[in-house]
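Enquirer: predicted model and sequence follow; I will ask about them next.
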Amino acid sequence: MSETREILFFAFRNTKLRIGLSIVLLFLFFALAGPYFAKYDPLEYVGPGYHPPSSEYWFGTTTFGQDVFSQFVYGLRSSFTVGLVGGSLATLIGLAIGFFAGYRGGLIDELLMMLTNIILVIPTLALLIIIAAYLPYRGVFIESIIIGFTAWPWTARAVRAQTLSLRAREFVDLARITAIPTWKIILGEIMPNMLSYVFMVFILQFGGAILAAVGLDFIGLGPTKGISLGLMMQNAVLWNAIQLGMWWWIIPPGLAITLIVGALYFMNTGLDEVFNPKLREM
Amino acid sequence: MMSKYLSRKMLVYLLTFFFAVTIDWMIPRFMPGNPILILVSRFSGMPEATKVIYSYLTQAFGLDQPLWKQYINFWRAFLSGDLGISIYMYPKPVFEVLKEAIPYDLALLLPSILVSWIAGNLFGAVAARRKKLDSFVLPVLYILTATPYLWLGILLAWTFGVLLDIFPIAGAYSFSMRPSLSLAFIWDFLKHWILPFLSLFIVMLGGWAIGMRNMIIYELEANYARYLETLGAPQRLIRKYAFRNAVLPQVTGLALQLGVIVAGALTTEIVFSYPGIGYILMQGILNQDYFLIQGCFLFIIIGVLLANFFVDLIYVFIDPRVRYAFGGETA
């Protein structure tokens, strides 16, 4: 119990963690509440095109008169969905394979690591492209699942390495000789010792999924229905927003992604300091 | 002998390659919808072309044959350099289209990766454990590494291409130019090259610097560094040793990051209409040119595999432990 309190104490004191978390929560608030403030449907043509920000259209309008603010807040929702679903899935698969390979060892370990190394080398985006290109209808949810299924390898490798070192400990041996099933040992003995690490992995996967989705959307393989921050940027570039100097269309989506992902990374470093006393700056 | 280490790596790469080609073959065949019908429907306005395309496609896909035979045919065609014909640039073979795009990718990727890696490592090593520098620089680096390549590209294009109007923001050279080795062309090429290069360079710089900073901090906490410190060794020397040890994981990191970097380059090329594989790929996707998409996928995989192999070779030379572990030679 006192350990939890110690960690919470350092967590609240850690500036990096506080700043990162505040930024993420701010954007999360926008994503959740924004659509209730948005006056228009994100895809509907509601006003004059090529209109800079005004009291009527807070972030201006696109070339065709869509409301950029509405697109922005709905796009934020997509980004958080992709981060949550894709990031969770990638973390879960990585954990399952990493634990299993590391704990079992032997041939299973060799085979699983071979598979991991193979998928690790193939660029995720290339794999996503070839899968998404042949799916005629894609939603944000499908996109997240594809991302989750391709982003797990580095997690699997890292978790396996940690499991290998934990496997040799006495308390695991003790559990093993009492004939507890493998999955119970993994969940009950090994995972609790890596909880902090698992949490940090999830944060990195969350950010990674958001970035992967942006690339996919921008190339033209994003959701076929709805709006996302990547799609906003794709449309902006396709319809010459750069040449026309429509800064209100090109800046918000990228800035939001940069700040969210940057804040996540920042949180991660903060957490590292909280969990690892050696790194704390006194 | 380090050939044992390399041959194990080679095995993974060969398997990866095999896996990638198999995926490339499998996906159009097992996905919902019929890609051939979509392909043919694009030519509905041109009855002559439709006929050619249709007969070509039945031949290329060989859908009347059993699956295992289709699979073997796919490999055979692929190994003889036949990636099909591009629909978007009909009747140019996909292989030709991609061959012309490769030099532009290399011109962007090689310099940006090398320069950012070197600069980032030096920068990160200097910033580590220097309180004032670190607390100011670290947030900036995190912002850089979190920036989507394409968005930085958009920002640079808008600032330097539109607001200041110093650099062109589309293509690899002016329309009026023809590729040659004249000074005028090279100057023109560089002016088109600098912005996409910078978008890749700046984002990557952040990542390498953070990686190096964290590694150095871990190294400075290690027992050998502490020991040197108690012996009264100068900070410069300790940092030098820390740097040497920290560079190794950064080389591995380079191999691991290649996929992400290539993805970033693809999107950056789209922003600047730079005629590399990324730009071609988007044209393929927008025009549902499946042969072109397949070809791009394979070219990207082969490129990344080669680069990985190259990094492994370098690793063997700079890390004596790999040499010892796999043969015990006394170098």
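Expert: Yes, it's here.
Enquirer: rest of the way, CA atoms for contacts and neighbours
Expert: OK.
Enquirer: near chain A, which residues of the stretch 1-150 of chain B?
Expert: Selection of the stretch 1-150 of chain B residues close to chain A by Cα under 8 Å from any Cα of the partner chain yields B:12-13, B:15-16, B:19-20, B:24, B:27-28, B:31-33, B:35, B:139, B:142-148, B:150.
Enquirer: for whichever residue of the stretch 101-250 of chain A sits closest to chain B, give me its contacts.
Expert: Per Cα to the nearest Cα, the residue of the stretch 101-250 of chain A with the smallest distance to chain B is residue A:123, at 4.0 Å. Residues near residue A:123 by Cα atoms under 8 Å, 6 or more residues apart in numbering or on different chains: B:258-260, B:262-263, B:301, B:304.
Enquirer: same question, residue A:156
Expert: Counting by Cα under 8 Å, 6+ apart, residue A:156 has contacts A:93-99, A:116.
Enquirer: count of neighbours near residue A:29?
Expert: For residue A:29, the count of nearby residues is 14 (other Cα atoms under 10 Å in any protein chain shown).
Enquirer: max pairwise distance over the contacts of residue A:156: which two?
Expert: Using Cα to Cα, the pair of the contacts of residue A:156 lying farthest apart is A:99 and A:116, separated by 13.0 Å.
Enquirer: neighbour count for these two, which is higher?
Expert: Counted by other Cα under 10 Å, residue A:99 and residue A:116 do not tie: residue A:99 has more neighbours, with 28 against 20.
Enquirer: what's the pLDDT at the more buried one?
Expert: Reported pLDDT at residue A:99 in the predicted model: 88.
Enquirer: what sits closest to it if chain neighbours are left out?
Expert: residue A:160 (5.6 Å; Cα to Cα, 6 or more residues apart in numbering or on different chains).
Enquirer: just the element for that neighbour, please.
Expert: helix A:153-167 (DSSP states H and E).
Enquirer: surely residue A:63 meets residue A:238?
Expert: No: at 10.8 Å, residue A:63 does not count as touching residue A:238 under the criterion of Cα atoms under 8 Å.
Enquirer: ok, the two, which is more surrounded?
Expert: When neighbours are counted by other Cα under 10 Å, residue A:63 and residue A:238 differ, and residue A:63 comes out ahead with 20 against 13.
Enquirer: is the more buried one in a helix, a strand, or coil?
Expert: Three-state assignment for residue A:63 (DSSP: H, G, I helix; E, B strand; the rest coil): coil.
Enquirer: please report the distance of it from residue A:98.
Expert: 48 Å (Cα to Cα, to the nearest Å).
Enquirer: OK, now which residue of the stretch 201-331 of chain B is nearest to chain A?
Expert: For the stretch 201-331 of chain B, Cα to the nearest Cα, closest residue to chain A: residue B:259, 4.0 Å.
Enquirer: quick one: low-confidence parts of chain B?
Expert: Within chain B, the ranges that satisfy pLDDT under 70 run B:1-2, B:30-49, B:51, B:53-64, B:322-331.
Enquirer: longest helix anywhere in it?
Expert: The longest helix of chain B (DSSP state H) is helix B:183-221.
Enquirer: if you count neighbours, what's buried in it?
Expert: Across helix B:183-221, burial judged by 16 or more other Cα atoms under 10 Å in any protein chain shown covers B:185, B:188-189, B:191-193, B:195-217, B:219-220.
Enquirer: next: stretch B:264-277.
Expert: B:264-277.
Enquirer: please list all residues in contact with the nearest residue to residue A:247 once chain neighbours are set aside.
Expert: Excluding the flanking residues, the one nearest residue A:247 by Cα to Cα, 6+ apart is residue A:241, at 7.6 Å. Neighbouring residues of residue A:241 by Cα under 8 Å, 6+ apart: A:63, A:247, A:249-250.
Enquirer: and which of the residues you listed is nearest residue A:218?
Expert: Distances from residue A:218 to these, taken by Cα to Cα, are shortest for residue A:250, at 12.6 Å.
Enquirer: quick one: the closest one and residue A:243 touch, right?
Expert: No: judged on Cα under 8 Å, residue A:250 makes no contact with residue A:243 at a distance of 11.0 Å.
Enquirer: these two: who's more crowded?
Expert: Per other Cα under 10 Å, whichever of residue A:250 and residue A:243 has more neighbours is residue A:250, with 24 against 14.
Enquirer: poorly predicted segments of the stretch 151-282 of chain A, please.
Expert: A:278-282.
Enquirer: what about 50?
Expert: A:282 (pLDDT under 50).
Enquirer: chain B contacts on that one?
Expert: A:211, A:214-215, A:218-221, A:233, A:237, A:242-243, A:245, A:250-251, A:254, A:257-259, A:261-263, A:265-266, A:278.
Enquirer: can you tell if stretch B:286-303 touches chain A?
Expert: Yes: using Cα under 8 Å from any Cα, we find that stretch B:286-303 touches chain A at B:286, B:293-294, B:297, B:300-301.
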